[in-house]
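Undergrad: Structure for the following, please:
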Amino acid sequence: MKLRQKPEDFQVEEITDVVPGNTGEFAFYKLVKTGWTTPDALAIIRRKWNIHHRRISYGGLKDRHAITSQYFSIFRGPPQDLEHLRFQVKYLGQLVEPYTSTNIRSNRFTVVMRDMSLREAEAAAQVADSEVAAIGYPNYFDDQRFGSVGEESAFIAKYMLQANWEGALWQALAAPYEYDRAADKRLKQLLRTHWGQWTSLRELLPRSHARSLVCYLADHPQDYKGAVARLRPELKGLYVAAYQSWLWNQTLAVWLKQSVAASDLVTLRTKHGDWPAPRRVPDSLLSHWTAGRLPLPCSRLKPHGHEWWLPLLQQVLHHEGLTLERLKIPGLDRPFFPKGERAVSVRPTQLRWNIADDELQCGQVKLVLEFELPRGCYATMLVKRLMAGVSTPGTPRK
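TA: I've put the predicted structure just below:
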């Protein structure tokens with residue numbers, strides 16, 4: 001199966017009930033983009049309009065490899081549109097409050113799964129109609145959440161929790177990532193080659209955020225903590241979110257492995273872990289599965305001791321050499337692990353599918369999916385759930 005062979009193969013539309021007007025200090029915009037992350041597009045907008053990052057508020061992060069539409073607001077932003085090579089900004093009006101994630105009602109997806117045999121497509125559609133329609137799938141964070149995680153699954157926030165400031169900085173500035181552009185690859189190669197030679201690097205690097213940190217280190221050669229503190233706030237937030245989300249995934253996975261028979265589990269394969277998913281859920285677990293919520297691990301979480309998820313979370317943290325109390329980056333007020341919770345499972349609504357000839361692969365078919373998900377849920381996990389339910393040739397499905 002192939003995904004995202006064309007930009008239009010993966011489309012996401014943010015749905016909101018917000019209606020802009022003519023009053024309020026927050027300008028409201030629609031952003032349509034292709035091939036850009038949300039932070040990258042907003043960074044261009046900030047530079048074009050000379051806007052401080054604290055004036056911008058948006059609902060969620062949208063995929064790089066997709067055609068996406070979403071909304072954002074700018075405090076006292078310009079009432080105008082903006083055209084760029086890969087995105088367009090449309091001014092919609094004014095709001096009295098900033099636009100945030102709480103304003104997202106849902107996300108509407110169109111996803112094309114290509115290069116499938118007819119048998120595979122029909123089996124995946126059957127999983128959608130029976131298993132997914134009946135119980136949904138685990139609400140794991142998917143690979144997009146872990147874009148800041150390097151090739152060796154090194155979590156920058158874990159280095160920060162350990163006060164390994166040089167390791168955190170190296171991962172943030174020099175570690176290679178799958179989607180690095182050519183300019184980023186050249187910059188990172190310079191950093192890896194001359195790491196620690198800050199005065200020389202200051203002359204070698206082009207103007208960039210990395211160079212500003214190198215300039216700081218040229219004057220303060222051993223103050224890696226100070227350099228980490230000077231990383232862009234949005235980047236540090238992404239590092240914390242990635243590790244916190246991975247810990248959350250691990251907690252849910254432990255619960256499913258301990259509570260559901262192995263014969264009723266399939267495996268969802270991702271770049272940073274393989275996660276179990278149930279084909280059916282025992283009656284004894286249904287209340288937790290359908291309505292249960294798992295907290296995001298953080299030091300401000302104060303359990304009473306009888307929560308069903310507490311032993312699971314403690315098991316995961318112990319394996320990482322952590323406790324809830326230690327989920328606090330030493331010596332830094334920012335970033336911090338935010339408090340929150342997330343539904344254990346998700347069930348797509350308005351799920352429809354269609355099988356047609358794949359015009360890109362001769363003799364193969366494509367499965368076109370349309371559905372809606374609550375904010376924060378991953379359509380790619382639905383795709384992985386459908387494919388996990390498809391048996392390999394010659395192997396009957398149980």
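Undergrad: In contact with the residue most central in space within the chain, which residues?
TA: Central residue of the chain (CA atoms, centre = their mean): residue 145, 2.2 Å from the mean position. With contact set as CB atoms under 8 Å, 6 or more residues apart in numbering, residue 145 has these partners: 241, 242, 245, 378. Backbone N, C-alpha and C define where each C-beta goes, glycine included.
Undergrad: can you put the residues you listed in a markdown table and add secondary structure and pLDDT?
TA: Output for these, formatted as a markdown table (DSSP: H, G, I helix; E, B strand; the rest coil; pLDDT from 0 to 100):
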| residue | secondary structure | pLDDT |
| --- | --- | --- |
| 241 | helix | 94 |
| 242 | helix | 95 |
| 245 | helix | 97 |
| 378 | coil | 95 |
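Undergrad: Can I have the buried ones of those residues as a PyMOL selection?
TA: Of those, the buried ones can be selected in PyMOL as follows, counting by 16 or more other CB atoms under 10 Å:
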select buried, resi 241+242+245+378
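Undergrad: Closest one of the contacts of residue 145 to residue 95?
TA: Within those, the smallest distance to residue 95 is 25.3 Å, found for residue 241 (CB to CB).
Undergrad: I'd like to check which residues are in contact with the closest one.
TA: The contact partners of residue 241, taken as CB under 8 Å, 6+ apart, are residue 145.
Undergrad: any idea how far it is from residue 296?
TA: 9 Å (CB to CB, to the nearest Å).
Undergrad: from the middle of its chain, how far away would whichever strand or helix holds residue 216 be?
TA: If you go by DSSP states H and E, residue 216 is part of helix 209-219. A distance of 29 Å separates the centroid of the chain from that of helix 209-219, by CA atoms, centre = their mean, to the nearest Å.
Undergrad: now what about it, what contacts it?
TA: 169, 173, 187, 191, 198-199, 201-202, 205, 223-224, 226-227, 230-232.
Undergrad: in the protein, which segments are predicted with low confidence?
TA: 151-152, 391-398 (pLDDT under 70).
Undergrad: Domains in it, by residue range?
TA: 19-98, 164-232 (automatic domain parsing).
Undergrad: And the first one, how far out from the chain middle?
TA: Spelled out, it's domain 19-98. With CA atoms, centre = their mean as the basis, domain 19-98 stands 19 Å off its chain's centre.
Undergrad: ok, now stretch 14-28?
TA: 25 Å.
Undergrad: Next, the buried residues of that stretch.
TA: Along stretch 14-28, these residues count as buried under the neighbour rule (16+ other CB under 10 Å): 14, 16, 18, 20, 24, 26, 27, 28.
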